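A.B. asks: missing the sequence, but the structure's below:
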(Lines give C-alpha, C1' and ligand atoms only; values in the text may rest on other atoms or scores of the structure.)
Protein backbone atom coordinates (compact mmCIF):
# COMPACT_ATOMS: atom_id res chain seq x y z
CA UNK A 1 0.00 0.00 0.00
CA UNK A 2 2.76 2.42 -0.99
CA UNK A 3 2.08 5.99 -2.05
CA UNK A 4 3.64 8.19 -4.74
CA UNK A 5 3.16 11.90 -5.41
CA UNK A 6 4.37 13.03 -8.83
CA UNK A 7 4.53 16.43 -10.50
CA UNK A 8 4.85 16.19 -14.30
CA UNK A 9 5.81 19.42 -16.05
CA UNK A 10 5.70 20.46 -19.69
CA UNK A 11 7.73 20.47 -21.88
CA UNK A 12 9.72 18.05 -19.74
CA UNK A 13 10.85 17.01 -16.32
CA UNK A 14 9.21 15.45 -13.29
CA UNK A 15 9.67 15.31 -9.54
CA UNK A 16 8.26 12.76 -7.16
CA UNK A 17 7.94 11.60 -3.58
CA UNK A 18 7.64 7.84 -3.07
CA UNK A 19 6.73 6.30 0.31
CA UNK A 20 7.40 2.60 0.75
CA UNK A 21 5.14 0.38 2.85
CA UNK A 22 6.58 -3.06 3.58
CA UNK A 23 6.70 -5.77 6.22
CA UNK A 24 9.31 -4.44 8.67
CA UNK A 25 10.64 -7.97 9.22
CA UNK A 26 11.47 -8.38 5.51
CA UNK A 27 15.12 -7.33 4.96
CA UNK A 28 15.99 -4.66 2.39
CA UNK A 29 18.90 -2.47 1.38
CA UNK A 30 19.01 1.31 1.11
CA UNK A 31 19.54 3.13 -2.17
CA UNK A 32 22.63 1.77 -3.90
CA UNK A 33 24.14 -0.07 -6.88
CA UNK A 34 23.07 -3.60 -5.96
CA UNK A 35 23.00 -5.15 -9.46
CA UNK A 36 26.42 -4.34 -11.01
CA UNK A 37 26.56 -7.49 -13.14
CA UNK A 38 23.04 -7.48 -14.57
CA UNK A 39 22.17 -3.75 -14.36
CA UNK A 40 25.40 -1.73 -14.25
CA UNK A 41 24.92 1.88 -13.25
CA UNK A 42 21.42 1.29 -11.86
CA UNK A 43 20.68 2.33 -8.29
CA UNK A 44 17.69 1.31 -6.24
CA UNK A 45 16.08 0.04 -3.06
CA UNK A 46 16.71 -3.72 -3.02
CA UNK A 47 14.54 -6.42 -1.53
CA UNK A 48 17.06 -8.93 -0.20
CA UNK A 49 14.72 -11.92 -0.19
CA UNK A 50 13.77 -11.84 -3.88
CA UNK A 51 16.68 -9.72 -5.12
CA UNK A 52 14.54 -7.24 -7.01
CA UNK A 53 13.79 -3.56 -6.51
CA UNK A 54 11.02 -1.44 -5.10
CA UNK A 55 12.47 1.62 -6.82
CA UNK A 56 15.15 1.64 -9.52
CA UNK A 57 16.84 4.47 -11.41
CA UNK A 58 19.33 4.72 -14.25
CA UNK A 59 20.87 8.16 -13.80
CA UNK A 60 22.66 8.13 -17.15
CA UNK A 61 19.56 7.21 -19.15
CA UNK A 62 17.35 9.35 -16.88
CA UNK A 63 14.82 6.62 -16.22
CA UNK A 64 13.08 5.80 -12.95
CA UNK A 65 10.51 3.19 -11.99
CA UNK A 66 8.73 2.50 -8.73
CA UNK A 67 6.45 -0.41 -7.85
CA UNK A 68 3.17 -0.26 -5.92
CA UNK A 69 1.04 -3.30 -5.08
CA UNK A 70 -2.64 -3.39 -5.95
CA UNK A 71 -5.51 -5.82 -5.44
CA UNK A 72 -5.78 -8.80 -7.78
CA UNK A 73 -7.23 -12.28 -8.20
CA UNK A 74 -6.17 -14.21 -5.07
CA UNK A 75 -6.21 -17.46 -7.07
CA UNK A 76 -2.54 -17.12 -8.01
CA UNK A 77 -0.57 -19.06 -5.41
CA UNK A 78 2.35 -17.24 -3.83
CA UNK A 79 4.79 -19.99 -4.80
CA UNK A 80 3.62 -19.81 -8.43
CA UNK A 81 4.01 -16.05 -8.75
CA UNK A 82 7.04 -14.33 -10.26
CA UNK A 83 8.50 -11.57 -8.09
CA UNK A 84 7.23 -8.11 -9.01
CA UNK A 85 10.63 -6.71 -8.02
CA UNK A 86 11.91 -7.55 -11.51
CA UNK A 87 9.64 -4.90 -13.03
CA UNK A 88 11.45 -1.68 -11.99
CA UNK A 89 14.80 -3.13 -13.08
CA UNK A 90 13.41 -4.21 -16.45
CA UNK A 91 11.73 -0.84 -16.87
CA UNK A 92 14.87 1.27 -16.45
CA UNK A 93 16.61 -1.12 -18.86
CA UNK A 94 13.96 -0.26 -21.46
CA UNK A 95 12.05 -3.57 -21.31
CA UNK A 96 8.25 -3.59 -21.28
CA UNK A 97 5.98 -5.54 -18.94
CA UNK A 98 5.08 -8.94 -20.50
CA UNK A 99 1.48 -9.19 -21.80
CA UNK A 100 0.23 -11.63 -19.12
CA UNK A 101 2.64 -11.51 -16.20
CA UNK A 102 2.42 -14.35 -13.67
CA UNK A 103 2.48 -11.81 -10.89
CA UNK A 104 0.19 -10.46 -8.26
CA UNK A 105 -1.40 -7.08 -8.91
CA UNK A 106 0.73 -3.97 -9.30
CA UNK A 107 0.98 -0.39 -10.45
CA UNK A 108 4.33 0.28 -12.09
CA UNK A 109 5.09 4.00 -12.36
CA UNK A 110 7.67 4.71 -15.07
CA UNK A 111 9.21 8.18 -15.40
CA UNK A 112 11.56 9.76 -17.95
CA UNK A 113 12.40 13.39 -18.65
CA UNK A 114 9.68 13.48 -21.32
CA UNK A 115 6.79 11.48 -19.88
CA UNK A 116 5.37 9.37 -17.09
CA UNK A 117 3.00 6.44 -17.28
CA UNK A 118 1.47 3.77 -15.06
CA UNK A 119 1.24 0.13 -16.12
CA UNK A 120 -1.41 -1.64 -14.06
CA UNK A 121 -2.12 -5.37 -13.65
CA UNK A 122 -5.06 -6.79 -11.70
CA UNK A 123 -4.44 -10.46 -12.49
CA UNK A 124 -6.56 -10.34 -15.63
CA UNK A 125 -6.02 -7.09 -17.53
CA UNK A 126 -2.84 -5.15 -18.28
CA UNK A 127 -3.37 -1.48 -19.08
CA UNK A 128 -1.37 1.72 -19.40
CA UNK A 129 -2.33 5.15 -18.10
CA UNK A 130 -0.35 8.22 -19.22
CA UNK A 131 0.26 10.64 -16.35
CA UNK A 132 -0.74 14.11 -17.61
CA UNK A 133 0.96 17.36 -16.69
CA UNK A 134 0.35 18.50 -13.14
CA UNK A 135 0.45 16.98 -9.66
CA UNK A 136 -0.99 13.50 -9.15
CA UNK A 137 -1.06 10.67 -6.63
CA UNK A 138 -1.08 6.90 -7.00
CA UNK A 139 -1.47 4.19 -4.36
CA UNK A 140 -3.09 0.75 -4.54
CA UNK A 141 -5.75 1.67 -7.10
CA UNK A 142 -6.01 4.06 -10.06
CA UNK A 143 -4.29 7.39 -10.63
CA UNK A 144 -5.85 10.14 -8.47
CA UNK A 145 -8.44 7.64 -7.25
CA UNK A 146 -11.00 9.73 -5.32
CA UNK A 147 -12.14 6.72 -3.29
CA UNK A 148 -8.65 6.26 -1.77
CA UNK A 149 -8.89 8.31 1.45
CA UNK A 150 -5.24 9.44 1.55
CA UNK A 151 -5.50 10.72 -2.04
CA UNK A 152 -8.80 12.50 -1.37
CA UNK A 153 -7.26 14.13 1.72
CA UNK A 154 -3.80 15.12 0.47
CA UNK A 155 -3.88 15.56 -3.30
CA UNK A 156 -5.46 19.03 -3.04
CA UNK A 157 -2.77 20.00 -0.53
CA UNK A 158 0.08 18.93 -2.80
CA UNK A 159 -1.53 20.72 -5.72
CA UNK A 160 -1.63 23.97 -3.76
CA UNK A 161 2.14 24.05 -3.31
CA UNK A 162 4.03 26.71 -5.32
CA UNK A 163 4.56 25.41 -8.84
CA UNK A 164 8.04 24.15 -9.67
CA UNK A 165 9.87 26.26 -7.09
CA UNK A 166 13.36 25.42 -5.86
CA UNK A 167 12.03 24.55 -2.41
CA UNK A 168 9.66 21.81 -3.52
CA UNK A 169 11.40 19.18 -1.41
CA UNK A 170 10.98 21.28 1.72
CA UNK A 171 7.35 22.03 0.82
CA UNK A 172 6.48 18.40 0.29
CA UNK A 173 8.39 17.36 3.41
CA UNK A 174 6.33 19.91 5.31
CA UNK A 175 3.11 18.30 4.12
CA UNK A 176 4.46 14.90 5.09
CA UNK A 177 5.18 16.21 8.60
CA UNK A 178 1.71 17.74 8.75
CA UNK A 179 0.20 14.37 7.80
CA UNK A 180 1.66 12.75 10.94
CA UNK A 181 -1.05 14.46 12.96
CA UNK A 182 -3.18 11.55 11.75
CA UNK A 183 -2.84 8.20 13.44
CA UNK A 184 -0.88 5.83 11.15
CA UNK A 185 -3.87 3.46 11.15
CA UNK A 186 -6.13 6.21 9.76
CA UNK A 187 -7.17 5.53 6.15
CA UNK A 188 -6.12 9.10 5.31
CA UNK A 189 -2.58 8.73 6.65
CA UNK A 190 0.42 8.96 4.32
CA UNK A 191 2.83 7.42 6.84
CA UNK A 192 1.01 4.24 7.62
CA UNK A 193 0.52 1.21 9.82
CA UNK A 194 -1.55 -1.11 7.63
CA UNK A 195 -1.88 -4.00 10.08
CA UNK A 196 -5.44 -3.11 11.22
CA UNK A 197 -6.42 -3.19 7.53
CA UNK A 198 -5.19 -6.76 7.12
CA UNK A 199 -1.70 -6.10 5.72
CA UNK A 200 1.47 -6.70 7.83
CA UNK A 201 3.14 -3.54 6.51
CA UNK A 202 4.26 -0.13 7.74
CA UNK A 203 5.79 2.93 6.09
CA UNK A 204 9.55 2.35 6.23
CA UNK A 205 11.21 4.97 4.04
CA UNK A 206 10.70 7.60 1.40
CA UNK A 207 12.62 8.67 -1.70
CA UNK A 208 12.67 11.98 -3.55
CA UNK A 209 13.59 12.28 -7.22
CA UNK A 210 13.83 14.95 -9.90
CA UNK A 211 14.16 13.87 -13.53
CA UNK A 212 15.03 16.38 -16.26
CA UNK A 213 16.79 16.48 -19.61
CA UNK A 214 20.00 17.83 -18.10
CA UNK A 215 20.08 16.15 -14.73
CA UNK A 216 18.53 13.48 -12.52
CA UNK A 217 18.67 13.27 -8.74
CA UNK A 218 17.41 10.52 -6.46
CA UNK A 219 17.90 10.24 -2.72
CA UNK A 220 16.34 8.77 0.38
CA UNK A 221 14.64 11.12 2.81
CA UNK A 222 13.94 10.38 6.47
CA UNK A 223 10.32 9.98 7.42
CA UNK A 224 9.16 12.63 9.90
CA UNK A 225 8.33 10.05 12.57
CA UNK A 226 9.87 7.03 14.25
CA UNK A 227 9.53 3.87 12.18
CA UNK A 228 11.08 0.45 12.42
CA UNK A 229 13.70 -0.33 9.80
CA UNK A 230 15.15 -3.74 8.94
CA UNK A 231 18.33 -3.02 6.98
CA UNK A 232 20.95 -4.91 8.94
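C.D. replies: Nice, thanks for sending it over. This one's a predicted model, so the numbers in the text were calculated from it and none came from an experiment.
A.B. asks: what about the helices in this structure?
C.D. replies: Taking DSSP state H to define them, one finds helices in the chain at 86-92, 149-159, 168-179.
A.B. asks: could I get the ones you listed in TSV, plus columns for distance to residue 220, mean pLDDT and mean neighbour count?
C.D. replies: (C-beta placed from N, C-alpha, C; glycine too.) Below are the helices of the chain laid out as TSV (distance: least, CB to CB, whole Å; pLDDT from 0 to 100; neighbours: other CB atoms under 10 Å):
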stretch	distance to residue 220	mean pLDDT	mean neighbour count
helix 86-92	16	97	23
helix 149-159	20	97	17
helix 168-179	12	92	16
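A.B. asks: minimum distance to residue 54: which of those helices has it?
C.D. replies: helix 86-92 (7.0 Å; CB to CB).
A.B. asks: and the strands in the protein?
C.D. replies: Per DSSP state E, the chain carries strands over the ranges 3-8, 14-22, 28-32, 42-47, 53-58, 63-69, 106-112, 116-121, 126-130, 134-138, 202-211, 216-221.
A.B. asks: now do residue 213, the pLDDT please.
C.D. replies: Note for residue 213: predicted pLDDT of 88.
A.B. asks: distance of the closest residue to it other than its chain neighbours from residue 29?
C.D. replies: In this structure, residue 213 finds its nearest non-sequential neighbour in residue 113, 4.6 Å apart by CB to CB, 6 or more residues apart in numbering. Using CB to CB, to the nearest Å, residue 113 is found at 27 Å from residue 29.
A.B. asks: give me the low-pLDDT residue ranges for this protein?
C.D. replies: Scanning the chain for pLDDT under 70 picks out 73-80, 162-165, 225-232.
A.B. asks: quick check: beta-bridge partners of the residue nearest to residue 127 when sequence neighbours are not counted?
C.D. replies: Of all residues beyond its chain neighbours, the one nearest residue 127 is residue 120 (5.4 Å), with distances taken as CB to CB, 6+ apart. Assessed by DSSP bridges, residue 120 has beta-bridge partners residue 107, residue 127.
A.B. asks: what's the most buried one of the strands of the chain?
C.D. replies: strand 53-58 (a mean of 26; mean count of other CB atoms under 10 Å).
A.B. asks: angle of that one against strand 14-22?
C.D. replies: Here the directions of strand 53-58 and strand 14-22 differ by 150 degrees (axes from the mean of the first three to the mean of the last three CA atoms, to 10 degrees).
A.B. asks: which strands or helices does strand 53-58 pack on?
C.D. replies: Packed against strand 53-58 by the contact rule (3 or more CB pairs under 8 Å, 6 or more residues apart in numbering; DSSP states H and E) you find strand 14-22, strand 42-47, strand 63-69, helix 86-92, strand 216-221.
A.B. asks: just send these back as a markdown table, with distance to residue 167 too.
C.D. replies: Output for the helices and strands packed on strand 53-58, formatted as a markdown table (distance: least, CB to CB, whole Å):
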| stretch | distance to residue 167 |
| --- | --- |
| strand 14-22 | 12 |
| strand 42-47 | 25 |
| strand 63-69 | 21 |
| helix 86-92 | 28 |
| strand 216-221 | 14 |
